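In: Could you look at this predicted model? Sequence included:
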Amino acid sequence: MATLKDIANEAGVSITTVSRVINYDTTFSVSEETRKRILEIAERMKYKSPKEKAEVYNTKANGRSTPVRIGILSSYSEEVELSDPYYLSIRMGVEKECDRQGIITEKIFNMKDYNELAKKHPDLSGIIAVGRFSKEKINTLAGLFSNIVFIDEEPEDPHLDCVIIDLAKAAREVLNFLLKKGHRDLGYIGILGCNSEYPEKIDAREYEFRNFIKENCIEKNEKNIYLENGTAAGGYLAMVNAIKRGNLPTAFFVASDSMAIGALKALHEHNISVPDQVSIVGFNDIPNAEYTVPSLTTVRTYTEFMGVTGVKLLMDLIENGANDIGRKVIIPTEFIIRNSTK
């Protein structure tokens, strides 16, 4: 079977040029003569793109009569995904399982009008919706697609399938750990606008923090809640604000490892020792968490497995139809104790 290199050699151009022409990259400038030559050579050599190969796999290896093409719909932008590995890891899990099963995927980021989704992508067999969605948008999506699975969102509709982690349970484990370590002056750094589409429903970790400090009669810590964007820069800014305010808590629970890394940087710049003066706990256990100084205590989330599970649920819907009741799969977390706490 012909490869991009074969076509490039015969056309007398680079592999990159061939790839961009064959994939109809409209941002790529090349002469019409070269474009025509590349396409004619590809047709003569019967070159098949990765998507076309996947279609062959779908119909032959899996015994399916028609190709399966699914959309990976993200509630956030590509920039947000790149700034925090959490959602990127979920998508990689989705794509890994789709590749294993020979399923074709289409990435759809932060689409404003979901009513246009079915029109722009009429050949989709189903949707995996990743991120946080308002009730209105969940209902819109469910009305457009009978085959849909939500990841990291728990719809109120009991007929919809979802894959989630128990944020509240994980948060309570962290807070109990800090309390047992003798920390009664606790702080929380969370994600601003985590649920911007329905702000009345705050992030489960923040909600659990507020409940925990009330239950343990440490309500003064209500002032020690700092919300910023969910990046390292956001965590840095939140911690700088906490330092400027004075009376710094002896321990912080931070909603993401990226934010925790920013918080560590702020503490280091202000000569505040971790964990001797302040303990830090992150969330997600991204690859860098083990290599911060000190190494970051955090909650490990199995995000790639969330993606894999979502694909399996969706394929069951596509191949066997909807169930009488939706399925909610809760993926466990693991508390990882390292050197940023004492």
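Out: Received the coordinates, thanks.
In: Please parse the protein into its domains.
Out: For the chain, the structural domains run 4-47, 69-165+303-332, 167-301, going by automatic domain parsing.
In: okay, how far is it across the shortest one, tip to tip?
Out: With CA to CA, to the nearest Å applied, domain 4-47 spans 8 Å between its terminal residues.
In: What mean pLDDT does that domain get?
Out: Average pLDDT, domain 4-47: 85.
In: likewise the last one?
Out: Domain 167-301 comes out with an average pLDDT of 91.
In: Return the distance of that domain from the chain's centre.
Out: Here domain 167-301 is found 20 Å from its chain centre; the criterion is CA atoms, centre = their mean, to the nearest Å.
In: ranges for the helices of the stretch 151-300 of the chain?
Out: 167-180, 204-215, 232-245, 257-269 (DSSP state H, counting those that start in this stretch).
In: which outside residues touch the first one?
Out: By CB atoms under 8 Å, 6 or more residues apart in numbering, the surrounding residues in contact with helix 167-180 are 186, 203-205, 207-209, 212, 216, 251, 253, 279, 281, 283, 299, 301, 333, 335, 337, 341. All C-beta spots, glycine's among them, are computed from the backbone N, C-alpha and C.
In: And the buried ones among the residues you listed, selectable in ChimeraX?
Out: ChimeraX command restricting the contacts of helix 167-180 to the buried ones, with burial defined by 16 or more other CB atoms under 10 Å:
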select :186,203,204,205,208,209,212,251,253,279,281,283,299,301,333,341
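In: Local confidence estimate at the spatially most central residue of the chain?
Out: Taking CA atoms, centre = their mean, the centroid of the chain lies closest to Y87, which sits 1.1 Å from it. Model confidence at Y87, given as pLDDT, is 88.
In: Report the contact partners of it.
Out: Listed by CB under 8 Å, 6+ apart, the contact set of Y87 reads S74, Y76, V80, E81, V130, G131, D152, T303.
In: If we use 7 Å, what do you get?
Out: By CB atoms under 7 Å, 6 or more residues apart in numbering, the contact list for Y87 reads S74, Y76, E81, V130, G131.
In: Could you do E222 as well?
Out: R210, I213.
In: circling back: with neighbour count, distance to S29 and pLDDT as new columns, can the contacts of Y87 be given to me in a markdown table?
Out: Below are those laid out as a markdown table (neighbours: other CB atoms under 10 Å; distance: CB to CB, whole Å; pLDDT from 0 to 100):
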| residue | neighbour count | distance to S29 | pLDDT |
| --- | --- | --- | --- |
| S74 | 23 | 30 | 93 |
| Y76 | 16 | 31 | 84 |
| E81 | 21 | 28 | 80 |
| V130 | 27 | 34 | 96 |
| G131 | 18 | 35 | 91 |
